[in-house]
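Peer 1: okay, sequence plus prediction incoming.
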Amino acid sequence: MKAIVTVMLKNGVLDPQGKAIGQALGTLGFAGVGEVRVGKRIELELAETDPAAAKLAAENMARSLLANLVIESFSVEII
Amino acid sequence: MNAAIVVFPGINRERDMAIALELSTGRKPRMVWHKETSLEGIDLVVLPGGFSYGDYLRCGAMAAHSPIMAEVKRHAERGGYVMGVCNGFQIITEAGLLPGALLRNAKLRFLSMDCNLRVERADTAFTGQYAKSQVFRAPMAHGDGNYTASPEDLDRLEGEGLVAFRYAEADGALTDAANRNGSARNIAGIFSPNLRVLGLMPHPEDLVDPLMGGTDGKPLFDGLAAALAA
């Protein structure tokens, strides 16, 4: 079973990387790009076969290590 | 004073720190590999600067879970002294020993230059040989030094007098220009409530000898040696 953990900077936390990417896209001529935010996608291969238990386990991993809840939020998707 | 410096893979400022500590205490600090689990007989534990684990995941995140960190936390809980500089500050916040986090510098640039630090209180073991509001020069070298914390934590730090140093102009004025990494309220370093854990981004250990270009950082180490003399 695979868990996809998406980690993003919390809303309101300055994301200078996103800002720089947005500016670069503008320089390349892509119009109409609003706010750009950068995050991480972490894929976990889990031995667990129950989707609910796998989600719970991945959420615990996110809280303990994968995300820093002072500045980041996360979501977990099981596939 | 018996000091220990924790060495994580990817750390590169541990020898600078050892020079500064030995110069002020007359004793060589113990170098402690991150897989060790004992800090017996140690008064001060230093987490030095560098790029532990190549800054994987987040700066300091992997080192914060190294075997030695459980003992560093116990040392702090026993009332022991801990100092984290640069990557060491990032490790300390990731480990939850001090509140907040260090974000990417606001303008994205890696900052390698001197900054001016204003001493916010002089009645601690770390700052006893500075004067309150004194400004001293310290080198900095970091890409992720933008200190942030929740508004409640920031207010608590200010209210309880736990801000150690702020980025300032040479005359002590707190300006945005002096705050190059964008830190909340110009904060460069903070204390724990018992004033025995200090985390800061700049490197006072790199200005402790005229040969290094100055001795602005030496009072910090002399102060520690005096306060923890045993």
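Peer 2: Perfect, thanks for sending it.

Peer 1: do you know the pLDDT at the residue of chain B found nearest chain A?
Peer 2: At 4.3 Å from chain A, residue B:101 is the closest residue in chain B, using C-beta to the nearest C-beta. Glycine gets a C-beta too; all of them are placed from N, C-alpha and C. Residue B:101 carries a pLDDT value of 97.

Peer 1: what of the one 4 residues further on?
Peer 2: As predicted, residue B:105 sits at a pLDDT of 95.

Peer 1: now swap in residue B:68 and tell me
Peer 2: 97.

Peer 1: and the one 4 residues further on, by the same measure?
Peer 2: In this model, residue B:72 is scored at 98, pLDDT.

Peer 1: list the contacts of it.
Peer 2: B:6, B:39, B:45, B:47, B:82, B:95, B:97 (C-beta atoms under 8 Å, 6 or more residues apart in numbering or on different chains).

Peer 1: count the residues that sit near residue B:67.
Peer 2: By other C-beta atoms under 10 Å in any protein chain shown, 11 other residues sit near residue B:67.

Peer 1: what parts of chain A come near chain B?
Peer 2: Counting by C-beta under 8 Å from any C-beta of the partner chain, the residues of chain A close to chain B are A:13-14, A:16-17, A:20, A:65-66, A:68, A:70-71.

Peer 1: helix or strand, whichever it is, which one in chain A has the lowest mean pLDDT?
Peer 2: One helix or strand of chain A scores below all others by mean pLDDT, DSSP states H and E: helix A:16-27, with a mean of 94.

Peer 1: that older thread, which one in the residues of chain A next to chain B is the model shakiest on?
Peer 2: residue A:14 (85).

Peer 1: pretty sure that residue is touching residue B:108, no?
Peer 2: No: contact between residue A:14 and residue B:108 fails when scored by C-beta atoms under 8 Å: they sit 10.6 Å apart.

Peer 1: quick one, strands of chain A?
Peer 2: A:2-9, A:39-45, A:72-78 (DSSP state E).

Peer 1: list the contacts of whatever residue of chain A ends up closest to chain B.
Peer 2: Relative to chain B, the nearest point of chain A is residue A:70 (4.3 Å; C-beta to the nearest C-beta). Residues in contact with residue A:70 (C-beta under 8 Å, 6+ apart) are B:93, B:99-101, B:148-150.

Peer 1: quick one: which of those is nearest residue B:175?
Peer 2: residue B:148 (18.8 Å; C-beta to C-beta).

Peer 1: look up phi and psi at the closest one.
Peer 2: phi -140, psi 150 (degrees, to the nearest 10).

Peer 1: surely it touches residue A:13?
Peer 2: Yes: counting by C-beta under 8 Å, residue B:148 does reach residue A:13; the two are 7.0 Å apart.

Peer 1: comparing those two, which residue is more hemmed in?
Peer 2: residue B:148 (20 against 16).

Peer 1: show me what contacts that one?
Peer 2: Contacts of residue B:148 (C-beta under 8 Å, 6+ apart): A:13, A:70-71, B:100-103, B:183-184.

Peer 1: ranking by neighbours, what's the top pick from these?
Peer 2: residue B:102 (29 neighbours).

Peer 1: quick one: whatever helix or strand it lives in to chain centroid distance?
Peer 2: Secondary structure from DSSP states H and E places residue B:102 in strand B:101-103. With C-alpha atoms, centre = their mean, to the nearest Å as the basis, strand B:101-103 stands 14 Å off its chain's centre.

Peer 1: show me what it is packed against.
Peer 2: helix B:87-94, strand B:146-148 (3 or more C-beta pairs under 8 Å, 6 or more residues apart in numbering or on different chains; DSSP states H and E).

Peer 1: re earlier: what is the nearest of the residues of chain A next to chain B to residue B:130?
Peer 2: Closest to residue B:130, out of all of those and judged by C-beta to C-beta, is residue A:70, at 29.0 Å.
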